[in-house]
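Visitor: here are the coordinates; sequence isn't available:
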């Protein structure tokens, strides 16, 4: 979470000062802590102001409202690729300029606003046999879309006769069909022998690699996954990424050109909020009452459009350079793109090969609490801040305040741990003299920016400490840093999550209609993938078995089994 000294949070504090007065806001901020969540601060200030209202005289009516303040996020951007040619870590496959023509057997559209259902040979996606899904991959140029491979049975570590199936075992690569089948099988990875689980993870990581190099489409989808993740649980985050997956530059242009301002224009907060709402609904991400699938999260889609504009100008900028440190890559992208942070930026670049990044969320913060609070003085201050915040919240709700740190709600502790991890330096890029700030590291000072940033977004020491702890946990796993974190994630969450929305080549499939996506969403609800309640150890509930055919990000219907060389079509 960004700390209150970030540009966006300075703006929200300025608004609170104007509305409620600086003394009252300062008093609440002092109780909550300077790193408190903005939404929580706003709520507490409003509650305090309401409680104090009877003792205050009514304020005189304002003659007229102040005009909305426009904010300029970007300097004049360059129009095309960087003049500084830098070697990339991977062979790059550019995003095509326009969408390809669909074969006669496939119907649908790459333009989400058209909201056309996708079909193959007249059939809805889950009406297809496993071999027909493989055929669909063949005609659209997607390697390993199907079929579903023969299951290999493994025992759970605890024994007792319970077993689980992995399509194709540990050999080769998973197909997209295999990933959906595993996800819908109710497998609890926390009960699997750790080395066997790492073997499954190694195969998953191998299956995510593209046949040749790294495509702009994969990089863009990964960063979209990270950008749309704030306050968006995994399933709606995956569905949002699917709706926003870009097939071509033409796809980007449709969204960029709908924005009623240029990248370097000064825009008011109200203008951004209005456009964000309009775009999210147009892409089918809003609430069901607004014709969407409820996968919007708290993302500023006006900012996402700015990101697409930056990407359009220089896609290679967003790929890792040869020899570039992973932390430097995350900082470079978070500095260039407002809306990306250390966490979301790390999650966004995690899909580049051999990713040496760690996306620290609530689960990881809880796992490494002792690392975050290793300094006794820091732990003492943390516990006092947590108790003060709990007391303020209890008073606002008319409840008794917790007496000790051990009595605190675990969710509140996670909230404050994330604030500690997210507490990062953001020095101004240039001094008033016009010189680059010495606080900006050389590897960022020398970047040929698409649009020079106002501030540098650096990774804080606490975040780096947790990344280092993850690196220690990675030793001997045979996995790279993010792959190992993914493995740990699944064991904590008690769910085998293939992150199948990042399967390579899916940008070649027309988007599903909103109605088709609703069926996919409902299928995930039936298996418990949308149940985010946690137990005493802050773990999610294991999922249940379901019909994997309805998990296809392309819809619903009947099913007819059919044999195919190299795999088989499942019946359940």
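Guide: Noted; the coordinates are in hand. None of these values were measured; they are calculated from a predicted model.
Visitor: Return the list of helices and strands in contact with the lengthiest helix in the chain.
Guide: Across the chain, the longest stretch assigned as helix under DSSP state H is helix 376-396. Of the remaining helices and strands, those touching helix 376-396 by 3 or more C-beta pairs under 8 Å, 6 or more residues apart in numbering; DSSP states H and E are helix 22-32, helix 38-52, helix 410-421. For glycine as for every other residue, the C-beta is placed from the backbone atoms N, C-alpha and C.
Visitor: could you give me the average pLDDT of that helix?
Guide: Averaging the model's pLDDT scores along helix 376-396 yields 93.
Visitor: same check, this time on stretch 112-121
Guide: When pLDDT is averaged along stretch 112-121, the result is 90.
Visitor: ok, now stretch 308-322?
Guide: Stretch 308-322 shows a mean pLDDT of 97.
Visitor: In it, which residues are buried?
Guide: Buried residues in stretch 308-322, defined by neighbour count with 16 or more other C-beta atoms under 10 Å: 308-315, 317-321.
Visitor: from those, which is closest to residue 271?
Guide: Of all the buried residues of stretch 308-322, residue 309 has the smallest distance to residue 271: 15.8 Å, by C-beta to C-beta.
Visitor: what's near enough to touch that closest one?
Guide: 77, 256, 259, 263 (C-beta atoms under 8 Å, 6 or more residues apart in numbering).
Visitor: again, only using 7 Å
Guide: Applying C-beta atoms under 7 Å, 6 or more residues apart in numbering to residue 309 gives the contacts 256, 263.
Visitor: Numbering from 59 from now on, please.
Guide: Noted, 59 is the first residue going forward, which turns the last one into residue 367.
Visitor: Now name the helix or strand holding it.
Guide: Secondary-structure assignment from DSSP states H and E places residue 367 in helix 359-371.
Visitor: worst average pLDDT in the helices and strands packed on helix 434-454?
Guide: For the helices and strands packed on helix 434-454, the weakest mean pLDDT is recorded on helix 80-90, namely a mean of 61.
Visitor: Below-threshold pLDDT in this protein: ranges please.
Guide: Applying pLDDT under 70 to the predicted model, the residue ranges of the chain that meet it are 59-95, 97, 102-103, 105-123, 217, 612-630.
Visitor: try 80
Guide: Judged against pLDDT under 80, the low-scoring parts of the chain cover residues 59-125, 171, 216-218, 594-596, 612-630.
Visitor: What about residue 483, how many residues nearby?
Guide: When counting by other C-beta atoms under 10 Å, one arrives at 15 neighbours for residue 483.
Visitor: Am I right that it is in a helix?
Guide: No: remark: residue 483 does not belong to a helix; assigned using DSSP: H, G, I helix; E, B strand; the rest coil, it is coil.
Visitor: what sits against it?
Guide: By C-beta under 7 Å, 6+ apart, the contact set of residue 483 is 516, 518.
Visitor: Which segments of the chain make up each domain?
Guide: Following automatic domain parsing, one gets these domains for the chain: 59-111, 176-271+538-609, 272-410+483-516.
Visitor: Out of the ones you listed, which is closest to residue 426?
Guide: Closest to residue 426 of the domains of the chain is domain 176-271+538-609 (C-beta to C-beta; 10.3 Å).
Visitor: So for that closest one, first residue to last residue, what's the gap.
Guide: End-to-end distance of domain 176-271+538-609 (C-alpha to C-alpha, to the nearest Å): 15 Å.
Visitor: All the strands of the protein, residue numbers only.
Guide: Under the criterion DSSP state E, the chain carries strands at the ranges 128-130, 150-151, 164-165, 177-178, 209-213, 221-225, 272-273, 324-326.
Visitor: Out of the ones you listed, which gets nearest to residue 568?
Guide: Smallest distance to residue 568 across the strands of the chain (C-beta to C-beta): 6.9 Å, for strand 164-165.
Visitor: Strand partners (parallel or antiparallel) of the closest one?
Guide: strand 177-178 (antiparallel) (DSSP bridges).
Visitor: Show residues contacting the partner strand.
Guide: With C-beta under 7 Å, 6+ apart as the test, strand 177-178 has contacts from 163, 164, 165, 166, 186, 190, 194.
Visitor: Can I get the residues you listed in JSON lines including distance to residue 497 and neighbour count?
Guide: Shown next, in JSON lines, are the contacts of strand 177-178 (distance: C-beta to C-beta, whole Å; neighbours: other C-beta atoms under 10 Å):
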{"residue": "163", "distance to residue 497": "58", "neighbour count": "14"}
{"residue": "164", "distance to residue 497": "53", "neighbour count": "17"}
{"residue": "165", "distance to residue 497": "55", "neighbour count": "15"}
{"residue": "166", "distance to residue 497": "50", "neighbour count": "19"}
{"residue": "186", "distance to residue 497": "56", "neighbour count": "28"}
{"residue": "190", "distance to residue 497": "58", "neighbour count": "20"}
{"residue": "194", "distance to residue 497": "52", "neighbour count": "24"}
